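Chemist: the following comprises the amino acid sequence and a computationally predicted model.
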Amino acid sequence: MRQLKLEFDEIPPGLNEVIHLCSGHWGNYSKVKAYWKELVRLKTLRSPKFKTVDIEVTLTFPTRAKHDKDNFYACYKFLLDGLCCIEDDNCDVVQNIKLNFAYEKGVKKTEVIIKGE
């Protein structure tokens, strides 16, 4: 089994932020989605291809404020759409996906671990 680790110094928007983006100009959401797609694409452009994967996402927050997991499931869209290391992000390829939260004072980051064949 191979593994690929991606790290970003920010956190993709959760559902509440996506709703807020959509309530403004229609282009707001498109810009944020394109931004994240390009960030992920650049990190996986030269990565080996996987046929099937399990993905684990860890969002690290800078404070101990409470966060709703269901709100941040929306961030999968921003992260998976840019992956160049998989053919598609359908359920035949992405077999399992897990979301974790972490706290580290003053640190905001996203870690994506992709394991597969």
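Modeler: Sure, I can see it.
Chemist: any idea which element the spatially most central residue of the chain lies in?
Modeler: For the chain, the residue nearest the mean C-alpha position is residue 79 (3.1 Å; C-alpha atoms, centre = their mean). Element membership of residue 79 [criterion: DSSP states H and E] is helix 75-80.
Chemist: kindly report the same for residue 32.
Modeler: If you go by DSSP H and E, residue 32 is part of helix 26-44.
Chemist: what does whichever helix or strand comes after that helix contact?
Modeler: Reading on from helix 26-44 to the C-terminus, the next helix or strand found by DSSP H and E is strand 53-61. For strand 53-61, contacts defined as C-beta atoms under 8 Å, 6 or more residues apart in numbering pick out 11, 67, 72, 75-76, 79-80, 85-86, 93-104, 107-116. Yep, even glycine has a C-beta here, placed from its N, CA and C like the rest.
Chemist: determine the set of other helices and strands touching the helix-or-strand element of the chain with minimal mean pLDDT.
Modeler: Ranked by mean pLDDT, DSSP states H and E, the weakest helix or strand in the chain is helix 15-23, scoring a mean of 85. Using 3 or more C-beta pairs under 8 Å, 6 or more residues apart in numbering; DSSP states H and E, the elements in contact with helix 15-23 are helix 26-44, helix 69-72.
Chemist: which residues are in contact with residue 45?
Modeler: With C-beta under 8 Å, 6+ apart, residue 45 has these contacts: residue 84.
Chemist: any idea how far it is from residue 82?
Modeler: Separation of residue 45 from residue 82 (C-beta to C-beta, to the nearest Å) stands at 10 Å.
Chemist: on that earlier part again, quick check on the contacts of strand 53-61: which are buried?
Modeler: 11, 72, 75-76, 79-80, 85-86, 93-94, 97, 109-110, 112-116 (16 or more other C-beta atoms under 10 Å).
Chemist: now the least confident helix or strand of the chain: buried residues?
Modeler: Those would be 17-18, 21, for helix 15-23 by 16+ other C-beta under 10 Å.
Chemist: now it, how far from the chain's geometric center?
Modeler: 16 Å (C-alpha atoms, centre = their mean, to the nearest Å).
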